[in-house]
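Colleague: Got a predicted structure plus its sequence, pasted below:
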Amino acid sequence: MKASQLFDLNGKVAVVTGASRGIGEAIAQVLSDNGAHVVVASRRLERCEEVAADLRAAGGQATALACHVGEMAAIEAFWAAIDARFERVDILVNNAGSNPIFGPVTETDPAAFQKTVDVNFRGYWFMCQYAVARMRRHGGGSIVNMASVTAERPMENIGVYGATKAAVVNLTQAYARECAQYGVRVNAILPGLINTKFAAALQTEGPVRTAALAQIPLRRIGDPIDIAGAALFLASGASSYMTGATLRIDGGLLA
């Protein structure tokens, strides 16, 4: 492969979940800019349509489809819709996530616990399963799972979230080992503090932001595009000898 082709995604179909905003939207934009036909997926179809329209307006190819990865019936319906529209799927970016719990682990609400597990772990597991079944028919593909630095270092008040992200890392390695024989690569990204709705408290000046920045050697909060570049790398031929890897993008937080 020529160096100029390392990030070329022309002819590829890429599914990005949680793509209606933030990191997912940035990833959809970058994959589209590099030639992929992007399936913009999230629970809210209206916002997915807006993102897809923006990608098409910029000269890309994009399709909007609703998918609630926390519901098995929705996952099944989503892949049926994919099969009806596309002959292949080459890339899956599992980015949708949920964190309805903020509080001590000793006070975890069972319903919120279950929702977090259903979206962040069970959803990723079965989205991978459905994707692999389609990728292997055409000689392979790439799956990128969005984990978190909390997979390696638990943080106060988001214990369940971190536990599900640790599970995503193990899931990634399990799928990588078993699916390499099909030409399917599976890797994970571990974002640190990123300017998204999830980290809204860190976006305004104050003691919370100051304390957070003090822990980051690069002394800034990351932007969604910082994650999108890594997703492009893992989705493309530039990372053809990588599988089962976890890529930290945290400004040095865990260094």
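Modeller: Received, thanks.
Colleague: make it CA atoms for all contacts and neighbour counts henceforth
Modeller: Will do.
Colleague: need the helices for the stretch 151-255 of the chain, in chain order.
Modeller: 159-179, 207-214, 224-235 (DSSP state H, counting those that start in this stretch).
Colleague: and the second one, which residues are buried?
Modeller: For helix 207-214, a neighbour-count test (16 or more other Cα atoms under 10 Å) marks 209, 213 as buried.
Colleague: Point out where the stretch 1-150 of the chain drops to low pLDDT.
Modeller: Within the stretch 1-150 of the chain, no range satisfies pLDDT under 70.
Colleague: Any chance of TSV for the helices of the stretch 151-255 of the chain, columns distance to residue 145 and mean pLDDT?
Modeller: Formatted as TSV, the helices of the stretch 151-255 of the chain follow (distance: least, Cα to Cα, whole Å; pLDDT from 0 to 100):
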stretch	distance to residue 145	mean pLDDT
helix 159-179	7	97
helix 207-214	25	80
helix 224-235	9	98
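Colleague: got CSV for those, with distance to residue 47 too?
Modeller: Below are the helices of the stretch 151-255 of the chain laid out as CSV (distance: least, Cα to Cα, whole Å):
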stretch, distance to residue 47
helix 159-179, 25
helix 207-214, 29
helix 224-235, 18
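Colleague: Of those, give the one that comes closest to residue 148.
Modeller: Closest to residue 148 of the helices of the stretch 151-255 of the chain is helix 159-179 (Cα to Cα; 6.0 Å).
Colleague: residues in contact with the closest one?
Modeller: Contacts to helix 159-179, defined as Cα atoms under 8 Å, 6 or more residues apart in numbering, come from residues 98-99, 101, 104-105, 113, 116-117, 120-121, 124-125, 128, 132, 145-148, 150-152, 154-155, 184-188, 243-246.
Colleague: try stretch 39-55
Modeller: Contacts for stretch 39-55 (Cα under 8 Å, 6+ apart): 13-20, 25, 28-29, 32, 61-68, 96.
Colleague: Can you give me every residue that contacts residue 252?
Modeller: Contacts for residue 252 (Cα under 8 Å, 6+ apart) come out as 216-218.
Colleague: Now the phi/psi pair for the residue nearest the centre of the chain, please.
Modeller: Nearest to the mean C-alpha position of the chain, by Cα atoms, centre = their mean, lies residue 95 at 2.5 Å. Per-residue torsions, residue 95: phi -120, psi -20 (degrees, to the nearest 10).
Colleague: and residue 244, how far is that from residue 178?
Modeller: 10 Å (Cα to Cα, to the nearest Å).
Colleague: These two: who's more crowded?
Modeller: Higher neighbour count among residue 244 and residue 178: residue 244, with 20 against 12, using other Cα atoms under 10 Å.
Colleague: how near is the closest residue to the more buried one other than its chain neighbours to residue 86?
Modeller: Nearest non-adjacent residue to residue 244, counting by Cα to Cα, 6 or more residues apart in numbering: residue 173, 4.5 Å away. Between residue 173 and residue 86 the distance is 28 Å, computed by Cα to Cα.
Colleague: again, but for residue 79
Modeller: Residue 79 is 10 Å from residue 86, by Cα to Cα.
Colleague: In its sheet, which strands sit next to the top strand by length along the chain, and in what direction?
Modeller: Ranked by residue count under DSSP state E, the longest strand found in the chain is strand 184-191. The strands beside strand 184-191 in its sheet (DSSP bridges) come out as strand 141-146 (parallel), strand 246-249 (parallel).
Colleague: Determine which stretch of those strands is the most buried.
Modeller: Counting by mean count of other Cα atoms under 10 Å, strand 141-146 has the highest mean neighbour count of those, with a mean of 28.
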